[in-house]
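Asks: I'll drop the sequence and a predicted model, then ask my questions.
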Amino acid sequence: MGQAQTRHWKKIWVGSAGNMVEWFDWFVYASFATYFAGSFFPKGNDTAQLMNTAGIFAVGFFMRPVGGWLLGRVGDRRGRKAALTLTVSLMSASAVLIAVAPTYAVAGYGGAFVLLVARLLQGLSVGGEYAASATYLTEASAPGRRGFASSFQYVSMTAGQILGLGLLIILQHTLTSAELHSWGWRIPFAVGALGAAVIFYLRRNMLETEAYAEEAEDGDTGAEDRGTIRALLRHRREALLVIALTMGGTVAYYTYTTYLTKYLSHSAGLPEQTATLVSFCALIVFAALQPLAGALSDRIGRRPLLITFAVGSTFLTVPILTMLKHAGSFWPALGLSLLALVVVTGYTSINACVKAELFPTGVRSLGVALPYAIANALFGGTAEYVALRFKKAHLESGFYWYVAGCAAVSLVVYLTMRETRDIDLKRVGATPRERTDTDTVPAS
């Protein structure tokens, strides 16, 4: 492996690894809530304890747009490296706080307050990490490799879920239920804090992207405008495009990753161990597909993959979820889950670079961060809640149509937007008036 190729892989690893720790922390909070809920709230009502814990979990989603704005601004004004270092710092702090939070027996509601602060920090971190890493991976890659490089964002995100799932399985088999409820639930957060510390060290030594460094060297022209809402509003068409193209993809992603295990267990009636194993195996294959699809987009363009995802999700969601409900055993459930995730790969593998390719350097980080965080909070973060509301109303199939409908909206966007694969990141216009007919931007 040549020196240039080694540097390329190092950039991919450092730029995307934070997502792995981020999603590990995000996943273990939801997965281990059943074990630590009783530690922070009064005894006597298990459901109330879980609801209180879930309420604190939801706070993280509300903070994501704030994190997208704050850290997107940092990324555009101080550099991609500064934003990536700050996100991992917040991530590490949140994990440490949860790991050492005092219980209700020791500090009353003080422990719940520490948990709340940790979730606020985690929401800020998640809100900024996606855009910071998406921007860095896109800018740090060669023009003909941007799809391949940015696909590792979802490889690392999925790896975080897989590691969290694997640790849950290990602890369930090595500790008793009493030990997990007493102190074992702190282990994953200590692991997450350690992982974040390692990523912090790596990012402290990373290089700034060439696109950002060159713009910073050009002088102070427009410097005060970088990373501001004012500058983003000049590209509101692109910002709205990010929200619309994210809508269908984020709903489908959360449905077939975060919600899948619960759906297989509670709706399809599979044993919890079987449902967990299905998710575990499906996510491994899903992660492996991302670079292949990203590399394909570098050859044939982004739009064909996005359109394939949207068509597949629009017309296959209802039959896939209907058949999953009646899968009955491991192999049919795994096959249907993989089919769904193959479809979703058309979105996940390239959505990061597509969004980054829409904006000029001075507002690229904020342009990706804020619209994406808004769409994710509105559609991705609420997917499980919407699914459960339909289920509670005995209209579970209504959720299938909801997912398909969101994909249909995104399909219209994909069919009307222009291709972004060959765009020169250094020549994306600073303002709409400066664009030429040769620039590749979204159609009106």
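Replies: Structure received. Numbering: from 1, shown residues only.
Asks: please count neighbours and contacts with C-alpha atoms only from this point.
Replies: Will do.
Asks: ok, residues contacting stretch 176-186?
Replies: Residues outside stretch 176-186 that contact it (Cα atoms under 8 Å, 6 or more residues apart in numbering): 32, 35-36, 38-39, 98-100, 171-172, 175.
Asks: can I get it in CSV? Just the C-alpha atoms.
Replies: Output of stretch 176-186 as CSV, limited to C-alpha atoms (Å, rounded to 0.1, in the frame of the first residue of the first chain):
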residue,chain,number,x,y,z
THR,A,176,-26.9,-11.9,36.4
SER,A,177,-29.9,-9.8,36.1
ALA,A,178,-29.4,-8.4,39.6
GLU,A,179,-25.8,-7.4,38.7
LEU,A,180,-26.9,-5.7,35.5
HIS,A,181,-29.5,-3.7,37.4
SER,A,182,-27.1,-2.9,40.2
TRP,A,183,-23.9,-1.8,38.4
GLY,A,184,-23.4,-3.7,35.2
TRP,A,185,-25.3,-1.1,33.2
ARG,A,186,-22.4,1.4,33.9
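Asks: quick one: buried residues of that stretch?
Replies: Across stretch 176-186, burial judged by 16 or more other Cα atoms under 10 Å covers 180-181, 184-186.
Asks: ok, of those, which one's closest to residue 313?
Replies: Closest approach to residue 313 among the buried residues of stretch 176-186 (Cα to Cα): residue 185, at 36.4 Å.
Asks: returning to that earlier point: looking at the buried residues of stretch 176-186, which is nearest residue 383?
Replies: residue 185 (25.9 Å).
Asks: for the stretch 301-444 of the chain, which segments are assigned as helices?
Replies: Assigned by DSSP state H, counting those that start in this stretch, the helices in the stretch 301-444 of the chain fall at 302-325, 330-348, 351-356, 364-375, 383-392, 397-416.
Asks: can you pick the most crowded of the contacts of stretch 176-186?
Replies: Neighbour counts for these (other Cα atoms under 10 Å) peak at residue 98, which has 24 neighbours.
Asks: which ones are touching residue 166?
Replies: residue 280.
Asks: mind checking how far it is from residue 204?
Replies: From residue 166 across to residue 204, the span is 29 Å (Cα to Cα, to the nearest Å).
Asks: pLDDT averaged over the helix or strand harbouring residue 291 - what is it?
Replies: For residue 291, the element it lies in under DSSP states H and E is helix 272-300. Here helix 272-300 scores 94 as its mean pLDDT.
Asks: name the helices or strands packed onto it?
Replies: When contacts are defined as 3 or more Cα pairs under 8 Å, 6 or more residues apart in numbering; DSSP states H and E, helix 272-300 packs onto helix 146-150, helix 152-174, helix 260-262, helix 302-325, helix 330-348.
Asks: pipe those into JSON lines and attach distance to residue 270 per row.
Replies: JSON lines is the format used below for the helices and strands packed on helix 272-300 (distance: least, Cα to Cα, whole Å):
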{"stretch": "helix 146-150", "distance to residue 270": "35"}
{"stretch": "helix 152-174", "distance to residue 270": "17"}
{"stretch": "helix 260-262", "distance to residue 270": "9"}
{"stretch": "helix 302-325", "distance to residue 270": "9"}
{"stretch": "helix 330-348", "distance to residue 270": "8"}
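Asks: residue 147 versus residue 378, what's the distance?
Replies: The value you get for residue 378 to residue 147, if Cα to Cα is used, is 26 Å.
Asks: who has more neighbours out of those two?
Replies: residue 147 (32 against 17).
Asks: now residue 287. Nearest residue, chain neighbours left out?
Replies: residue 155 (4.8 Å; Cα to Cα, 6 or more residues apart in numbering).
Asks: I appreciate the help and will end here.
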